[in-house]
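Q: Compute the structure for the input listed below.
(one chain, ligands or ions: 3)
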Amino acid sequence: MSKASINSQRLLDRLRALGEIGRLADGRLTRLAGSDADKAGRDAFVSWLQGAGLEVAIDRIGNVFGIWKLPENAGERPLLLGSHIDTVIDAGIYDGCYGVLAALEVIETLKEARYAPARPIAVAAFTNEEGVRYAPDMMGSLVHAGGLGADEALATVGTDGTILGAELARIGYAGQEEPGFLKPHAYIELHIEQGPVLDRESVPIGAVENLQGISWQRVTIDGHANHAGTTPMSMRRDAGYAAARVIAFLRDRARTSNTPTVATVGCISFEPNAINVIPSRATFTVDLRDPDEQRLLEEEDALADHLKELAGAEDVTISVERLARFQPVTFDRGIVELIEKAARGRGLAAKRMTSGAGHDAQMIARIAPAAMIFVPSVDGISHNPREHTSGTDLVAGANILLDVVAQLAAN
Ligand code: HGY
Ligand code: MN
Ligand code: MN
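A: Ligands and ions are numbered 1, 2, ... in the order given. From the prediction side, this is the model:
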């Protein structure tokens, strides 16, 4: 197929339009899985799929698929593209949405160019990639890949006490298809890098060859509520102080190590949460990541040892709940080389890299050859309304996706 190019205006207009859906009264963009905002985003995506003449299919975990199938290729395994359109809290407009809308754009461009793929091409918007309201993250693609039962996932209790299955039914996205009904021939995900590498090195394309391991835990520390004024320091069983010790331990350990390990405490709450009461309970989350499984295990062990010591030293009780645990993933070498070849074909520099963020591709890689294409994030900012990628880079990445798809769907 000659060097077609995507309709950049259509892609950028849709990105901006989707980026306006789910803004709270204060203007912050928040489309958490199963929320009314998520429904509004899904409805917009489904209307674009229908407008493109694609078959729309929704599975029981709410994954939305747009499928371009021809009579002559309907019996073949589809080439699957996609990402997610749920967001974190106070999000940017590109994380996930860019990959889903660029995938749709590629399909529409190929249809308009009268390209006749040897196999169906499908785009997926996977449910609950962010895992902010319901853990674990990448949940919809994990269920699709058979890594988590649909019923178990649907029964997940959210941070707000809601049940995922009930929320999906409420917003009209508890689909009929059995998860995994679509068996991909291969999977490609286009995504913003969300880190500083490509932007710092002025490289427009990342050929992602692997993705780091992820460990999510919730830690609960129980101490003893007491009067902030009358209780001598030596008599305190202060859950708040103990939590602070853990946060400092994690940061200092990751900061001083010469490995790529990263550690984050993103959520914390105290009980009874009163200015003049020593906290009786502290609950917080720990996000540990490393590209090397052995090192990630060592970090988890180091945290467990620290918690044991701290419980004794501060006379508190500490319990830990596992929220997510995914091993590092290596992507398909052949597809990574196709991405590099496509970049060369358009005169674009490409860099092989590791993904620091989790993505649906790491789940679909369990059932099909998969790889990712990155484009730069300005100043490496993401999960933040200042997340930005230039129009030029967005269009370049979508054209690389177009070329790789045309290659992979040719036979
Ligand atoms: O957590 C992640 O890396 C992804 O944004 N869900
Ligand atoms: Mn994402
Ligand atoms: Mn994200």
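
Q: which intervals of this structure have sub-threshold pLDDT?
A: 1-2 (pLDDT under 70).

Q: Hmm, residue 364 and residue 211 touching each other?
A: No. Applying C-beta atoms under 8 Å, one finds residue 211 not in contact with residue 364, separated by 11.5 Å. All C-beta spots, glycine's among them, are computed from the backbone N, C-alpha and C.

Q: in stretch 260-269, what counts as buried?
A: 261-263, 265 (16 or more other C-beta atoms under 10 Å).

Q: Check stretch 320-335 too.
A: 323-324, 326, 328-329, 331-332, 335.

Q: Same list (the residues you listed) but as a markdown table, adding secondary structure and distance to ligand 2.
A: Below are the buried residues of stretch 320-335 laid out as a markdown table (DSSP: H, G, I helix; E, B strand; the rest coil; distance: C-beta to the ion, whole Å):
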| residue | secondary structure | distance to ligand 2 |
| --- | --- | --- |
| 323 | strand | 18 |
| 324 | strand | 15 |
| 326 | strand | 14 |
| 328 | coil | 17 |
| 329 | strand | 15 |
| 331 | coil | 16 |
| 332 | coil | 20 |
| 335 | helix | 19 |
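
Q: With distance to residue 317 as extra columns, can I get these in a markdown table?
A: Formatted as a markdown table, these follow (distance: C-beta to C-beta, whole Å):
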| residue | distance to residue 317 |
| --- | --- |
| 323 | 20 |
| 324 | 24 |
| 326 | 29 |
| 328 | 33 |
| 329 | 36 |
| 331 | 42 |
| 332 | 46 |
| 335 | 49 |
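
Q: State which one residue of the stretch 201-350 of the chain is found closest to ligand 1.
A: Nearest to ligand 1, among the residues of the stretch 201-350 of the chain, is residue 214, at 6.7 Å (C-beta to the nearest ligand atom).

Q: that's a helix at that residue, yeah?
A: No. Residue 214: not assigned to a helix; according to DSSP: H, G, I helix; E, B strand; the rest coil it is strand.

Q: isn't it right up against residue 329?
A: No. Between residue 214 and residue 329 there is no contact under C-beta under 8 Å: 10.1 Å.

Q: Export the longest helix seen in the chain to CSV, keeping only CA atoms.
A: For the chain, the helix that runs over the most residues, judged by DSSP state H, is helix 293-314. Extracted C-alpha coordinates of helix 293-314, given in CSV (Å, rounded to 0.1, in the frame of the first residue of the first chain):
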residue,chain,number,x,y,z
GLU,A,293,11.5,-9.4,38.4
GLN,A,294,14.2,-10.5,40.9
ARG,A,295,14.8,-6.9,42.0
LEU,A,296,11.1,-6.2,42.3
LEU,A,297,10.8,-9.3,44.6
GLU,A,298,13.8,-7.9,46.6
GLU,A,299,12.0,-4.5,47.0
GLU,A,300,8.8,-6.3,48.2
ASP,A,301,10.8,-8.3,50.7
ALA,A,302,12.7,-5.2,51.9
LEU,A,303,9.3,-3.4,52.5
ALA,A,304,8.0,-6.5,54.4
ASP,A,305,11.0,-6.6,56.7
HIS,A,306,10.8,-2.8,57.3
LEU,A,307,7.1,-3.2,58.3
LYS,A,308,7.9,-6.0,60.7
GLU,A,309,10.6,-3.9,62.4
LEU,A,310,8.5,-0.8,62.6
ALA,A,311,5.5,-2.7,64.1
GLY,A,312,7.8,-3.7,67.0
ALA,A,313,9.5,-0.3,67.4
GLU,A,314,6.3,1.7,67.4
